[in-house]
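1. kindly generate the corresponding structure for this input.
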Amino acid sequence: MDIPLLGDFLSYGFIKRAILAGSMIGLLCSMLGVVLVLRRLSLIGDGLAHVTFGSAAAALFLRADTLAVSIPIVTLCSISILKLIKHAGIYGDAAIGIVSSAGIALGVLFASFGGGLNVDLFSFLFGSILAISVEEVYLSFIIAFMAIMFFFVYYREILSVTFDADFAKVSGVNTGLVNNIIAVITAVTVVLAMKIVGIMLTSSLLILPPVTAFQLARSFKGAIIIATLVSVVSVNAGIALSFIMNIPTGALTVFINLVFFGCAILYKKNMPRH
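-> All right, here's what the predicted structure looks like:
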């Protein structure tokens, strides 16, 4: 088997787009994942991924742009999860389950109306990052920049809300604003992430890098930095290996994340205690 050279690998436009967008989405997932895992809302990615499936099926049925349909629907559902938790007295996993089941039901209905699961919808299930568009690359950079600025400006508020939301509210933090911004960025990130690992594996990008970082980091900021490095490296390694080995990028990216997680556990287990 001929192995492509690095110059050949980077000479393809679709590879460059995949690396740029993949790095930004990996960065987004890792930053948000640290907050979501600590708040025990890590499965929100899985729930919103099911909503993304429903919105993608609706977009294909209506012959509309997938992002234009999915982003507002998934954003609304992301905020709805927070509202259910706050006003209906429902635990986070139950609220996620309600929204998730509604999303998957919507997808099945629109798929049946459109004559079943076609090739386009199948690609959303398992990812097709090599088919990512220039517009999606720009969008990933815009959302990543907004997320970085949000974490930079509201770092103390995010830290406070993450570990003790009630204390943060009493201390004068606008917890509603912080939670809504996190919900909106998470929703857009999940929609973009379906192009990398697909709807079925999106939650892995939100969970695996953070839990790997928690094995090694000694601070909230350290966890964000380590999770970001793990996520970006795994996404780019997945793209490179999938190009060389002709294996789906999403599955490889998840597997590489699992390897990082396993190595982090072994390191922590054998690290000398002080």
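
2. wait, residue 39 touches residue 164, no?
-> No. At 10.5 Å, residue 39 does not count as touching residue 164 under the criterion of CB atoms under 8 Å. Quick note: C-beta positions are derived from backbone N, CA and C, even for glycine.

3. which one of those two has more residues nearby?
-> Using other CB atoms under 10 Å as the criterion, residue 39 and residue 164 rank with residue 39 on top: 16 against 12.

4. residues contacting that one?
-> Applying CB atoms under 8 Å, 6 or more residues apart in numbering to residue 39 gives the contacts 92, 162, 165.

5. could you find the closest non-adjacent residue to the first one?
-> Going back to what we said before, that points to residue 92. Distances taken as CB to CB, 6 or more residues apart in numbering put residue 41 closest to residue 92, at 5.2 Å, once the chain neighbours are dropped.

6. for burial, what's the neighbour tally of the one you found?
-> 24.

7. so it: helix, strand or coil?
-> Of the three states, residue 41 takes coil under DSSP: H, G, I helix; E, B strand; the rest coil.

8. could you find the closest non-adjacent residue to residue 185?
-> residue 147 is the one closest to residue 185 (CB to CB, 6+ apart), at 5.2 Å.

9. helix or strand: which one has that neighbour?
-> Counting by DSSP states H and E, the element that carries residue 147 is helix 134-153.

10. contacts for that helix, please.
-> By CB under 8 Å, 6+ apart, helix 134-153 touches 17, 20-21, 24-25, 27-28, 31-32, 67, 158, 181, 185, 188-189, 192, 195, 224.

11. touching, residue 113 and residue 61? I think so.
-> Yes. With contacts counted by CB under 8 Å, residue 113 reaches residue 61, the gap being 5.7 Å.

12. these two: which has the busier surroundings?
-> A count of neighbours by other CB under 10 Å puts residue 61 above the other of residue 113 and residue 61, at 17 against 11.

13. returning to what we had before: and the contacts of residue 39, which is the shakiest by pLDDT?
-> When the contacts of residue 39 are compared on pLDDT, residue 92 comes out lowest, with 72.

14. list the contacts of it.
-> Contacts of residue 92 by CB under 8 Å, 6+ apart are 39-41, 44, 81, 85.

15. tell me how far the residue nearest to residue 92 lies from residue 94.
-> Residue 41 sits 12 Å away from residue 94, going by CB to CB, to the nearest Å.

16. what of residue 173?
-> Residue 173 is 26 Å from residue 94, by CB to CB.

17. who's more crowded, these two?
-> The neighbour comparison of residue 173 against residue 94 (other CB under 10 Å) goes to residue 173, with 19 against 14.

18. residue 261 contacts residue 207, correct?
-> No. The criterion here is CB under 8 Å, and residue 261 misses it with residue 207 at 9.5 Å.
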